[in-house]
Structures are given as structure tokens and as C-alpha cells.
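In: no sequence on this one, just coordinates:
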């Protein structure tokens, strides 16, 4: 049958598997995309581990690009056959939070994050996109799908980490963890004009990539008091810090390492932190040291995607060294398992359809 | 002898007393002020209770105005005899943090807070001011000293609470606690154009003053889940919250009550919170709900004082209903005791010299 | 017949008249509103005078509120019978400029301004609204339509004038001209915490209203060098200026009167300035004095309206003293003529349907 | 005699010459620097051409670095013998504008610009610096004086051009003119994360350098309607424009080329524009298209210098390809003449002492 497709589904805590599903259809204002390239994201690993409750059978995935397969009534910005990228976050553009500019919080906290959480994800041969005119971004000529796919989440999340960190031109920034989000934040630090980029990472291949992406210094988390090392290198604390892991230890170190008057930007998902995150009062300056703590979820929408893909097509940044593995859809279970266990130096596996 | 003065000193944990001291003198760039009016601040009550370690004998006080008594070499902006106000925070204007615009963090976290913490305070007949050209603000004609004195700390702190909260014009704000700082934040909410001002206060006289200062709704903290009440009134959370008390309960409630994408502005001193403050992950949106947490210490400097006094002399706000008691320097021990025990509906006692 | 309506039309340069028209209908996503209250705007006077080219027969008006008469397919945020306010600017919320937060520039410069310019205006018994979910704002209980109608343009435009002026809390602002937009900017200056509000106006009744709305000083433009008077009152120039008239003389004076490092916010419509506006280089500081020149068109959208109406329903500001005249739809030609000639101290005539 | 020095003086309109002068001395808070490397600036060429009135005999120059020769009473941040860089703008850090963060406007419009305008410049073997603790920035180990000297003006001015332009990450920017300031703005566009950098330059060697510094497209100003070309490349106008020349033609083109809602950042010195600069109303969107016009003078102070030198020492940018010529102090008259006539592809001549 031509109207079914292969897709990766959550099959209960700790279990994923390829399933056969009907190809979705497009309601008014919506679109359906035929996937060409996709990346697997650590958040899905968290979800499968049970950190985020989703029903069994829900499709995984939120980093996919492809070709417009069907458009719903009223969609005017794209045509069937167009190559398009879609952000992991797909806001409606209309709710109060969207009108206030917080599109990732569409309809409520984290509400713009629909794939897998609110509906089927897009690690699938086809996928549905709400509010297509708001969310579909044509991939520019000359930009390969396998590069554009980095705009879906990694670059949008990593870069907003550095954007929110309010790094002064020539200022100092410390970025905690150099997984795919942290590495993207390192690219982002370069794009904001950081003068000194310190990253914190223990895995050798990630540390090497970190330097290649712009880190001036990479601190091994096993090398002693990381916050103090940063404070010493920056004469009192970094102007900005980015917490790109999401646990108590890194958050706390980032808070200590942030200069009075500076900014801590969190893009780590704290699902594994337990029910709370704790701020030592001396790190927080008794609540009066002028340290700002800013958080965000991957910003979505067409304009965001256009801008990220402009950076890619004009060669301003190149995230593709993060593509450590390439596979087909039939290997996606294996790829997922590798991500879950961080085997073989994996950072991002690219799934080609 | 004319060269001694009366002053209020810290005499060991839980103890204060009037002492006799030499009148200070002005080194290069400095000035000495003869005090006319002063206010007692709750932070001194905290200090005396042992929350902030200061040596025995250190003079208390940081909210005083007066007349220039002596100027040091090189001071050009004022002359002996000028009426001047001095902020509780007296930055040098030169260090890295000052040049970055974080003058309250002069030289390091909270470093602009010199009175009592780094040198003698100014609940005294005379007091010394560093960097006089940066810090002395002439009191405008037509503005009484007993009004101007509110600019020293209460207005600067309370208003920055509301300024940092990034209240949208017509937006909603919830302010936790209506002591003198919280009440000043309520005045500040009006000055930033809040459309809905919710305050949280249990004491009847403070609640009444809160309404007079612009609160549309005052919630009694004993009336059940305060955060949920605010969420219900604001269709999902206030655009901005101000935590003006400084403890775990109010901080946590403020975090819950802040809308996704909104801002929590802390001006409460968390010295009593114990070694940490804790953020529930659901309140913090797993570190991704776009909630900003901003903190500050009373911003100092002459320009800040000029602007605050302009608000006062032109009648834009009137903080003087907070002056619940008036006393002389000889009654200052009694006034301090009243503050410590919140007796007799006291909010701010004015000490006239 | 029930399916025609009365409306005010542009009938050629200098001519307006009541006409009979079919009641509009609602396409997908749109709505039709039955008008209850409307205000006449000076921009329509400009349009009729030929400054903005529109086809003969085009309906005038862009400040109307009413009751939902019909909703198109897919509209979910309102129901027939709801009382709603609609901004003069009705963005689609989807275009690049909207996604960038510049909704008044929807689709291109001034593109959010659809009434009269791109389609029929709403000085009519019924009117059509595009993108209803984005643009319709329910009028809160307790807020009369004749008050809510001020949110459509006057408050949104006047307030953004003061918001864009970046008035520091306690800072100084000078507002040029006190017509309805300038007066609203004066209300806005209060909402941003200006410490000193200087307005410039020659008509006695407007000057009186200006003081009532918060002006500390009203300068008569015939009293000599206005810019110099402001410079003298502010020790070198106002922190912020608002140009609310839109001609060379006021713009130039505002530029001189703006302090180095300050902001000039233009909300005046410069249609009558001729083909250019000129900046004297000494006023502009040779292009290096740090003076920012910011402009805007009335910001639209539901959230903006909600916030403005929150200010009204909670009594934070009261623009209704600007309602100098009250009339019915059958008097609208006369009201328009009074506006055109500024007869009888007219500021805003309210048209009740 | 050891207490005289060679220096370059303005000797009347169109005339410069080496003169002998006493070595300056340091008053309280000041310092005297022995120059090691200096650059000649086009603004001095303008000054000598008579555009900026200065007295005959006034020394030229404001881009010099060197070694601390003498410090005045009270200077604590440096010692004799330290290598230091000094910005072209030397604020006092104390005046109202400085406290408001507009240090280049110290004491009034352009008031931070002291060298040559208010006192002798520093194209001299020694020079005097006011407010040394605020203004002297130690040159980091590993950074050559001939590189650090770019921080004095070119980088600070060019970068602020791009910083003020508010380029969105991945957004588009057009930079008008690729002299030393424009080229530095091109480096700045990279540091702010521009996705598309368009520059406008006619000289072949500058166009080539522009591409090397990050321009994606270089438009020849002789190739037709420059603004329209930019509008076409950016689908309606660049998010940001930088006017780095300072005349009517480029300013006007930049205004047209700026997208509605975008920002025009001027760092060109409009001394040659005549008494006014003119804005066509259609370019300015009738004063309502949301186009911001921002200006600035080279920001000074130690922290700014520290940050710029951090970019240099960590290799984030390399401005030294602009050093087209190297000479000694005895050739400075010749170098000045080359700058005045843009001979031999000159961009910046480095004068070594």
C-alpha cells in the first residue's frame, strides 16, 4: 500500500521500534511533509527513558526536513514539492504567549513543543505540520537537506543559549557540556562575538570538536573545581554562562562561575535533576548579585528557520562535523540505542530516508 | 567637644546602642555629610541578628541625607553647605562592574554596599562618603529632607524591583510582601504602567497602604495557594513577579505564579533562607519555560538619586505614608527595637537629627 | 432591507459623505463586527485632504468597537454576540515582519494598516476584520464600549510613542503637540515613570488637558525657542522626546531638545511635511551624538488590546476627557467637518451607533 | 634635552607638520604615556581640512598605544612601565551622561572626544591621559602593540556600528563604505552573527579586503541603484544597515535599504554633508515604518578596551590586513598626505616610535 509509512515509535519505557502507520493528512492550514533527512535527539532518549510521559505508540522525532507532500486548505506560502525545514517547535503564532514573542511557550509552558509530546513525532517517512504558513521554511538553493536539518533543533537551541546569555562583544562565556546542544552554543558564542570561550567537557572527541568550533579553553570536569577555574581565568567570573547539560552539578557550577551582574542561560533539560534544582545562596549572591538566570526552549517559526539556514548556506557556521554517523531508516533502532548509550563517540546520527 | 558625634553601633549579635565617635574626615575625592534625616532599614535588623557578619562596634545605617560638612581634595560637584542625598550603595564608578553598568556590584558581588558592611554606616550625626562626585546628589529646592531620604534605599530598591520585572505596559504583576521594599515596588509597578497589580500581604495596615499605592488586589498569604490564585486571576500566570521578602516560600510561589516567558525579579534579601534556595522543576518549567529570574541590589550613584528625587519633587509618587513613626537620634535604639519586632504597625521610622 | 448599512465614505479630495452599503461577510478566519461606538481620527482628515491616495468610495474609519455579528470558518477565540475591540492595525501574525515582532509593518512598511488604505474602513454600522483570532479582543466586563474604543488607536499609538522613547524611570521627556495622540503620549509618559513631563501646545483647552494628564510644564510654541527652553529645563536636553505632530518644525525642535544619548520617538504622521524631513547636523550631533530616532505605527493585535483595556478597566488611565463631542452616525459628516477645521475645541468626537 | 618630544601638529587649514614640544606631565588622577605605535585616522584629515575647528598648533592624533611614563597622584590601576592602550574617547566616568552609560557623550554631545578637539592629540612621542584608572587598559601578554592599536578607534567605532545595528542572528546587514571604519563594521557583523553581509565599496583593494573580512556580496556604488539592489537581495530590505561613510548619498541609500522595523546605525562622520542631512519621507515610511536610526561615537573606557583586546589576543578577528603602510614618526607628514589623498591604496598607515 502506498498510504502507509515506516516510523519510529515509543513502545513503553526503555523500548522503541519501527512501526507501520498510515500517512497523515493535512487539515485546513496544515501540511504533510515527506521526510528526506532526520537527526536523532537526546531528548527522545530522555522521553524513552520515561522522563517525559507520553502514551505508548506515540511516534518519536522532531528534527526532520523534507519535501511538501500535501497542503491543507488556505496554505499559501509553499507548494507541493517544495523542500522545507520545520522547527522542532511549531507555534500557532496566535496565542497570547506567541503574540508576546514567546513562541516556544505557545499556549502555555513548553507548549510549542508538539512533536511526540502532544502528537506524533517526525522520525517517520511522512509527518504532519500545524500552521504551515507560520512554520514551513523553504530550504534555500545550494543548501543540502542533511545540513539544513541542523536548523530544526540543535542550532536553534544551542544558538538561543548563547543569544540569551547576553555575551558582550569581547566578553567571556563559559559553556557547560559539549554535547550537540553545547557544541551548537559554542558556535553561537562565536556568532555573538565572545572574546573568550571556555567550555567544560570530559569526552576527548567532544573536547576536540569544541576547540574546532571556537573554544579557547576546554576544562575537563574531572580536573577539580570547575567554577573556581573559570573565576580565576576571568578575574571574578564569566560575563555569561550557558548550562547545556541540565543537572544540579552543572547548574550550580554555572551559577558560581557567573560574574556579578552577568547572565546564566539555561538550555539544558533538567528532567533528570529530580523534583528541584537548588541554588546555593553564596552563588546566587543572596538574591542580590545581579545575576540573571534565563531559560528557553528551542525557538520555532519560519523566520527563525530562514535565519538559521542563511547562516548555513552562507557558510557562517558549519555544524556538520557533529554528524558522526549516517544510517537509513531501517537502522534507526540501532542508532537510537547508540545514542542512549553514547557508544562509538556518537554525537548526532543522520537518518536518510 | 565639637568633633565627636552620636551614632548607632552594632554591639554584638542582637545588640545595638548609641555611641560617641569622632566625626569622620574627608580624604581626596571624598566628603563628610552632616545628617539631617535618616530612616532605619530592615537589613540592619538582619545584620544585628547576625545574618551578615560585621565587626562589633561598626556603625549601622545606610539611609541618611544631610548637608555637606567637608569635601576632600578634587571634589568639584558640591560645596560645603549643600543639601545632598546619598544612596545606600556608593560605587566608585571605575571598576569593571561599574563600567559594565552594574554599579551595585562595584568591585565584586554586592560590593557597592559599603555602609556597615565595609565601613561605618550613617545612622550617625556625620558620615563619610567615598567618590563624592559620583555619589552626592543635591536635593532639589522644594523637596524636604524627610521625603528625599526615601530615595536612599527604599525607592531605589523597590523601583528597581519593578523595573527589572520588565512589566509590559498594561501587563500583570504580582508583588510578594508589602514591607517598605514591597510597597515601593508597588509604587514602581505604577511607574512602569502595570495594568493589573496584585500584592501579597497579611498585615492589615500594610495591605491598606498597598491598595493606596496602587494594588488592584491584595491577597492574604493565609488564604490558601497564593500562586494558584494569581495564576487564575491572570489566565496562566503574571507577566512579572517581584519577590520582595526573601524566603523559600515566597520565592517558590513567585516562580509558580510567573507566566511562561515572564520575569521574576528578586529584591528580597535571602539571608534568612538558609544556605540554599530551591526551585521546583515544574515551577521552573524544567529549565525551559522562558522564565527569567533577575536580581539586584539597590542601584546607587548621583544620576539614580537625581531621577528618584525628580519623581518626588514633581509629586509623581509619594512614599511618605510609609513613615509610621518620627523620633530623634536619642530614641533610635527604641526605634530599632520596634523594627526588629515589627511593633505598633511600624514600617519606616524617621530619625530626625 | 436588513443587509445594507450606513457608512462614511471618501468621495474625492476634500469630500466625505454617508453612503448605503451591503453588510460585509466573513470568509475563513475572518469576522464581521456590528459597530457600537467609534471615534474619528485626524489621519482620516489627512486622507480626505488627499495626503494618502485611496480610491473614491472607500469607507473611512479605523477606531470602532462593537459586537461580533458573524465569524468565518475556523475562528475559535470569539463567538457571535461577544463585545470586542479591534485595533486600527490588523496584522496577519504570520509574515516575516510579524514574526520579527513588527506587526504594524505586516507584509511591508505600514502594511498592518488595512482599514481605508487597503480595504473599507470601519466608520460604518458593520465592518470586516481579517485574522479574527489574532485581532479580536473581548472587551472586559465593566468596561464601557465608549471607553474601550480609545484602545483602538489613540492609546496604542500615543503609548507606543512614550514606550519607544525609552524614558528612564525618573527621567525627563518632552512631548511635542497635545492633540489626541500627544495627549495619549502624555498618559504614556506617566505609565513609563517619567520624572519630568514637558509638553508643547498652544491651544488653551489642550494645554489644560495636558496638565490634567500629567504634564508638569506646558510650553506655548509661540513663546520663543522651544528646544532651548527644554534644554535649559533639563540641563542639556530631555532624556526622551516624543514628536506627536509630524512636521519639520516640531521634528527639528525635538531633535535639538533630545539629550546626547537620548531618544526621539516619532509617532507623528509626516504626510504634510513635503517629500523630505531634514535633520540639522548640529542637532543630530554630526551623526555621532548617540541620539536614537525611533518611529512606529499603532501596534495592533489582540494582546496589545487586552493590555490597553486592562489599563482602562482598572482605572490606571482615563482618556475619556478627550471625548469633547458625542454624536450619532447621522451627524458624522458634521463631526468630520469639525475635525477638519478643529472647530469648537474638538479633540475626539464619539460616534454612537 | 630629554624633556621635549616630537609630535604632529595642525598648522592651519590644510597644513600639518612635525613640531617639538615639552613632554606633558600628569596631574592627580592622570597619566602620561610614551607612545610605541600609532595609526593615522581619517577624522584628523577632516580636521585639518577645516571641518572641525581647532586652534593652530593643536597636536593631532587619537590612536596611540604605549608604555606608562608617569602616573599622577591617586592612580592605582597601572604602574610606570606597563604597556597600555587608550581609547580615542576618554570619558571621566562621572558626569550624568557617563552614569547613564553614554560615555562617549561625556559632559555633552561628543564630549568624550578630547584628543585634538579639547586638548593635544597623541600622534606624539608622549601623551597625557585624563582619568587614568578609568581609561588605561593594560595590553595583554602576547598581543603586539601594533595589533592592540586597532582597539583605540577603528575596532571600537566599527564594531559599535554593527552592535548598534541590532543585527539578528542570521539576519541581513548592509554596510555602506569599506574604509577602515566600514571594514571594521564588517568584522563586527561577523561578531554579531549576521547571516548575510552586503557591503558597498568601489575601490578594488577595499572590496577584496571586505570579502576577506566576511562580506558575502560587495556592491559597486557605480553599479546602479544600490538601495534597490539590497532590497532585492533581502526580500524587502536589510534587517540592519551601517552607514560608515557620512554623506547624504550613503545615508539616504541606507535608509531606503533598511527593512521596515529594521535599524540604521550611523558611524559615519557627517562633517562634509553640509548643514543638514535629509530623509526622504518614503524612505522613512512617513515617520511610521518602525525604522530606527541610531548613532554613536567610538565608545571609550578601560572595559571596552579590555574586551576589544581580548578579541585580538584570542584571534577572534584580525584587523591588521588594514595596515597597508608602515612608517616612522619622521615620515608622518608624508603618511598624512597619503591619507588625505588616498594614495597608493592606503587604508591605515602604522607609525612606529
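Out: Structure's in. What do you need? Because the structure is predicted, anything quoted here is derived from the model rather than measured.
In: Alongside chain B, which residues does the stretch 51-200 of chain A contribute?
Out: Within the stretch 51-200 of chain A, the positions near chain B by C-beta under 8 Å from any C-beta of the partner chain are A:96, A:97, A:100, A:101, A:102, A:104, A:105, A:108, A:109, A:110, A:111, A:168. To be clear about C-beta, it is placed using only N, CA and C from the backbone, and glycine gets the same treatment.
In: Where does the stretch 151-300 of chain A get nearest to chain D, which residue?
Out: Of all residues in the stretch 151-300 of chain A, residue A:170 sits closest to chain D, at 2.7 Å by C-beta to the nearest C-beta.
In: Kindly apply the preceding question to the stretch 251-353 of chain A instead.
Out: Counting by C-beta to the nearest C-beta, the stretch 251-353 of chain A gets nearest to chain D through residue A:307 (2.8 Å).
In: Can you select the buried ones from the residues of the stretch 51-200 of chain A next to chain B in ChimeraX?
Out: ChimeraX command restricting those to the buried ones, with burial defined by 16 or more other C-beta atoms under 10 Å in any protein chain shown:
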select /A:96,97,100,102,104,105,108,109,110,111,168
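In: Tell me the pLDDT of the nearest residue to residue A:338 once chain neighbours are set aside.
Out: Distances taken as C-beta to C-beta, 6 or more residues apart in numbering or on different chains put residue A:346 closest to residue A:338, at 4.9 Å, once the chain neighbours are dropped. Per-residue pLDDT puts residue A:346 at 96.
In: Helices of chain A, start to end?
Out: Using DSSP state H, the helices of chain A run over A:42-48, A:96-99, A:132-135, A:145-148, A:154-164, A:180-191, A:204-212, A:226-233, A:248-257, A:302-313, A:332-340.
In: Any chance of a markdown table for these, columns mean pLDDT and distance to residue C:146?
Out: Shown next, in a markdown table, are the helices of chain A (pLDDT from 0 to 100; distance: least, C-beta to C-beta, whole Å):
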| stretch | mean pLDDT | distance to residue C:146 |
| --- | --- | --- |
| helix A:42-48 | 91 | 51 |
| helix A:96-99 | 98 | 26 |
| helix A:132-135 | 98 | 36 |
| helix A:145-148 | 98 | 53 |
| helix A:154-164 | 98 | 43 |
| helix A:180-191 | 98 | 51 |
| helix A:204-212 | 98 | 63 |
| helix A:226-233 | 98 | 60 |
| helix A:248-257 | 97 | 52 |
| helix A:302-313 | 98 | 39 |
| helix A:332-340 | 93 | 62 |
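In: Could you dump the ones you listed into TSV with distance to residue D:35 added?
Out: Listed next are the helices of chain A as TSV, based on distance: least, C-beta to C-beta, whole Å:
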stretch	distance to residue D:35
helix A:42-48	55
helix A:96-99	56
helix A:132-135	58
helix A:145-148	49
helix A:154-164	38
helix A:180-191	34
helix A:204-212	37
helix A:226-233	31
helix A:248-257	38
helix A:302-313	41
helix A:332-340	59
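In: Could you chop chain A up by domain?
Out: Annotated domains of chain A cover A:4-153+A:298-352, A:157-295 [automatic domain parsing].
In: quick one: terminal-to-terminal distance for the longest one?
Out: Start and end residues of domain A:4-153+A:298-352 are separated by 18 Å (C-alpha to C-alpha, to the nearest Å).
In: Check the offset of it from the chain's centre.
Out: Distance of domain A:4-153+A:298-352 from the chain centroid (C-alpha atoms, centre = their mean, to the nearest Å) equals 10 Å.
In: Likewise for the shortest one?
Out: Between the mean C-alpha point of domain A:157-295 and the mean C-alpha point of its chain there is a distance of 16 Å (C-alpha atoms, centre = their mean).
In: Report how many residues lie close to residue A:22.
Out: Neighbourhood size, residue A:22 [other C-beta atoms under 10 Å in any protein chain shown]: 10.
In: Against residue B:180, how distant is it?
Out: 65 Å (C-beta to C-beta, to the nearest Å).
In: what do you get for residue A:39?
Out: For residue A:39, the distance to residue B:180 - C-beta to C-beta - is 54 Å.
In: What of residue A:93?
Out: In terms of C-beta to C-beta, residue A:93 sits 43 Å off from residue B:180.
In: residues contacting the residue nearest to residue A:338?
Out: A:324, A:325, A:338, A:339 (C-beta atoms under 8 Å, 6 or more residues apart in numbering or on different chains).
In: Isn't residue A:285 up against residue B:110?
Out: Yes. Using C-beta atoms under 8 Å, residue A:285 is in contact with residue B:110, at 6.1 Å.
In: Common neighbours of the two, please.
Out: Contact criterion C-beta under 8 Å, 6+ apart; residues shared by residue A:285 and residue B:110: residue A:260.
In: Could you export the residues of the stretch 51-200 of chain A next to chain B as JSON lines, including distance to chain C?
Out: Converted to JSON lines, those look like this (distance: C-beta to the nearest C-beta, whole Å):
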{"residue": "A:96", "distance to chain C": "5"}
{"residue": "A:97", "distance to chain C": "9"}
{"residue": "A:100", "distance to chain C": "6"}
{"residue": "A:101", "distance to chain C": "6"}
{"residue": "A:102", "distance to chain C": "11"}
{"residue": "A:104", "distance to chain C": "13"}
{"residue": "A:105", "distance to chain C": "13"}
{"residue": "A:108", "distance to chain C": "15"}
{"residue": "A:109", "distance to chain C": "17"}
{"residue": "A:110", "distance to chain C": "20"}
{"residue": "A:111", "distance to chain C": "16"}
{"residue": "A:168", "distance to chain C": "18"}
